[in-house]
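> Predicted model, plus sequence, below.
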2 protein chains.
Amino acid sequence: MITLTVIGAGLIGGSLALDLKECGFADVVLGVDTNMLHADMAQQLKLVDEIVTLDEGIERGDLIVLATPINVIKQLLPDILTAIKPNQVVADMGSTKGSVAEVIREHPNRAQFVLSHPMAGTEYSGPTAAKSGLFEDKAAIICDADDSDVNAVDLIRRMYEAIGMHVMYMNSVNHDLSAAYVSHISHITSFALALTVLEKERDEKTIVNLASGGFASTVRLAKSSPDMWVPIFEQNAENVIEVIDTYIEKMQAFRQGISDGNLAEVYRLIREANKIQKILK
Amino acid sequence: MITLTVIGAGLIGGSLALDLKECGFADVVLGVDTNMLHADMAQQLKLVDEIVTLDEGIERGDLIVLATPINVIKQLLPDILTAIKPNQVVADMGSTKGSVAEVIREHPNRAQFVLSHPMAGTEYSGPTAAKSGLFEDKAAIICDADDSDVNAVDLIRRMYEAIGMHVMYMNSVNHDLSAAYVSHISHITSFALALTVLEKERDEKTIVNLASGGFASTVRLAKSSPDMWVPIFEQNAENVIEVIDTYIEKMQAFRQGISDGNLAEVYRLIREANKIQKILK
């Protein structure tokens, strides 16, 4: 009998609650959300069995999952670890791991906490964005597993496997660098693309009419919430800036090639970029 | 009874041939392709009824559609217009229009030619990428319609409507600027993203494992063929460079905000970018 407490009943927390209840991993799901509207919605949409206060959620959850923006995770986590009993396990689902690890590095209950990151999501957020099957066949990263109790890590691994995820282990430093390259930068390139088009093409009807599937796909992530992404860019600033710099260099290489009429160079750049096809299938 | 000649039996030409045959707009479809492998495939995949030489295709087609890369369109078009009889109509499907308009501006048969651009496609190319339904519900642009015969324009409009497209009219100068903003830049941002990730994340397994749906969506266009895109960037260089410059400014704004820890500014940029949601739905 596992009672799951989900703190933050939005896209990630709500989807997790749905799947863990459905597959039988959790018997009871408690939801905590400081946004009253979201709390009500989560209950109406039956994402959780009960909405409870933070204190009650901490008191009753065998497993407590933090699925809030990363700044809120860092703010709540130390007190949660202080409040729990020896048989309880806590995990977070934030997109950056190093700064979370930092705030509880010396905490006496550190071993009851598991740093993790399910690599799944959509450009939407809040309880209405939650859906079952969101995590299926995606990767879940568990970071710095050696700093956690073996049983706690095992519980989180089983939780992710129960919802169809492939579990990987990494240290938080490598995770944050790779996440900057493979996830965080994609959001910035989409935001920048949206800003560019919105600034230059003031006739919205032209955008709608000319936007093919390619543009829609490339700009999709620009719909993502600043409440989630600003803290990620803040926490992972050093890596993100490094990636932006490399990215701008690549854009400059295209600009230079096109501007010089150096078509062989532009061709070479595209052929090189095409290699992503082999990797992603 | 319409005989359609498709020059270039790849993604666009092949898909067009399939749909126009299926809906009854074309009775016979002739295919021309200098790539013998593609020509064979187009016939095996039944995209076209017959593979013919360029001369035979020009001779027999009531409607001749150019669906090759843009540099080949410009190369072939003047001779095709010279060769046709007064009852024949020619259209192209290239992604940039100004430079095509230029090469036949003074041609005596200019009126039998219609400049057009169906805003549809995928990141794949060649006959195996062709599929029915590719154009449905997308926009087709007819440019500089006043320079074409009314009946020729009407035939091309009916052709696009027969495959489910919404026809719009623009002049080629506006088309090329808007296409740079809404289509061409998306490809460059994807190519640059792929190059960035490939350069920095040398461990392919990490890319595969960490790549969520967001990255896959943003980088999808990086699979696109240089044979198609190099000529587009060449022909639309001035507009494309203008867009790249605006785009780099936006990336720099993100870099600056993140680097300064100016979270309010990063928040503002994302909120602004989010407006694309209202436009694209």
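That came through, no problem.
> Please make it C-alpha for all contacts and neighbour counts, starting now.
OK.
> and stretch A:110-119, does that touch chain B?
Yes - counting by Cα under 8 Å from any Cα of the partner chain, chain B is contacted by stretch A:110-119 at residue A:119.
> what's in contact with that stretch?
Outside stretch A:110-119, the residues within contact range by Cα atoms under 8 Å, 6 or more residues apart in numbering or on different chains are A:81, A:86, A:88-97, A:100-101, A:104, A:135, A:138-145, A:147-149, A:152-153, A:156, B:210-212.
> can you do 6 Å?
With contact meaning Cα atoms under 6 Å, 6 or more residues apart in numbering or on different chains, stretch A:110-119 is reached by A:89-95, A:139-143, A:147-149, B:212.
> filter those residues to the buried ones?
A:89-95, A:139-143, A:147-149, B:212 (16 or more other Cα atoms under 10 Å in any protein chain shown).
> any weak-confidence spans in the stretch 101-250 of chain A?
Within the stretch 101-250 of chain A, the segments meeting pLDDT under 70 span A:201.
> How many residues are close by residue A:36?
11 (other Cα atoms under 10 Å in any protein chain shown).
> For the stretch 51-200 of chain A, just list every one of the strands.
A:63-66, A:89-92, A:113-118, A:139-143, A:166-170 (DSSP state E, counting those that start in this stretch).
> In JSON lines: those, plus distance to residue B:1.
Putting the strands of the stretch 51-200 of chain A into JSON lines (distance: least, Cα to Cα, whole Å) gives the following:
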{"stretch": "strand A:63-66", "distance to residue B:1": "67"}
{"stretch": "strand A:89-92", "distance to residue B:1": "66"}
{"stretch": "strand A:113-118", "distance to residue B:1": "58"}
{"stretch": "strand A:139-143", "distance to residue B:1": "55"}
{"stretch": "strand A:166-170", "distance to residue B:1": "57"}
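> Point out the residues in the stretch 51-200 of chain A that sit beside chain B.
Contact residues (Cα under 6 Å from any Cα of the partner chain) of the stretch 51-200 of chain A with chain B: A:119-120, A:139, A:181-183, A:186, A:191-192, A:194-197.
> quick one: which of those sit in helices?
With helices taken from DSSP state H, the overlap with those comprises A:186, A:191, A:192, A:194, A:195, A:196, A:197.
> Not counting its neighbours along the chain, what's nearest the last one?
Yep, that's residue A:197 we're talking about. Setting aside the residues directly before and after it, residue A:197 is nearest to residue B:181 in space (Cα to Cα, 6 or more residues apart in numbering or on different chains), at 5.8 Å.
> With the third one instead?
Nearest-residue entry for residue A:192: residue B:250, 5.3 Å, with adjacent residues in sequence omitted and distances by Cα to Cα, 6+ apart.
> The one you found: helix or strand, and which one exactly?
helix B:237-259 (DSSP states H and E).
> What residues sit buried inside the following helix or strand past that helix?
Using DSSP H and E, the next helix or strand after helix B:237-259 towards the C-terminus is helix B:263-273. Judged by neighbour count using 16+ other Cα under 10 Å, the buried positions of helix B:263-273 are B:263, B:265, B:266, B:267, B:269, B:270, B:271, B:272, B:273.
> any idea how far residue B:25 is from the residue nearest to residue A:197?
Distance from residue B:181 to residue B:25, counting by Cα to Cα, to the nearest Å: 33 Å.
> So for those two, which sits in the more crowded spot?
Using other Cα under 10 Å, the more surrounded residue of residue B:181 and residue B:25 is residue B:181, with 28 against 18.
> show me where chain A has helices.
A:11-22, A:36-44, A:54-60, A:70-83, A:98-103, A:150-162, A:172-179, A:185-200, A:204-210, A:213-219, A:226-235, A:237-259, A:263-273, A:276-280.
> for the residue positioned nearest the centre of chain A, what are its contacts?
Geometric centre of chain A, nearest residue: residue A:95, 4.3 Å, by Cα atoms, centre = their mean. Residues near residue A:95 by Cα under 6 Å, 6+ apart: residue A:117.
> at 7 Å what do you get?
A:117, A:232 (Cα atoms under 7 Å, 6 or more residues apart in numbering or on different chains).
> and it, what are its phi and psi?
Phi and psi for residue A:95, reported as degrees, to the nearest 10, are phi -80, psi -10.
> Strictly from the record, what residue spans define the domains of chain A?
A:3-170, A:175-280 (automatic domain parsing).
> Looking at these, spot the one closest to residue B:37.
domain A:175-280 (20.8 Å; Cα to Cα).
> Which residue is the nearest non-sequential neighbour of residue A:261?
Per Cα to Cα, 6+ apart, closest to residue A:261 is residue B:234, 6.8 Å.
> Residue A:191: how many residues sit nearby?
28.
> who touches it in this structure?
A:222, B:270, B:273.
> gap between the first one and chain B?
The spacing between residue A:222 and chain B, counted by Cα to the nearest Cα, to the nearest Å, is 6 Å.
> what's that residue in contact with, if anything?
Contacts of residue A:222 by Cα under 7 Å, 6+ apart are A:187, A:190, A:191, A:194, B:273, B:274.
> Could you dump these into CSV with distance to residue B:241 added?
As requested, these are exported to CSV (distance: Cα to Cα, whole Å):
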residue, distance to residue B:241
A:187, 22
A:190, 18
A:191, 19
A:194, 17
B:273, 21
B:274, 25
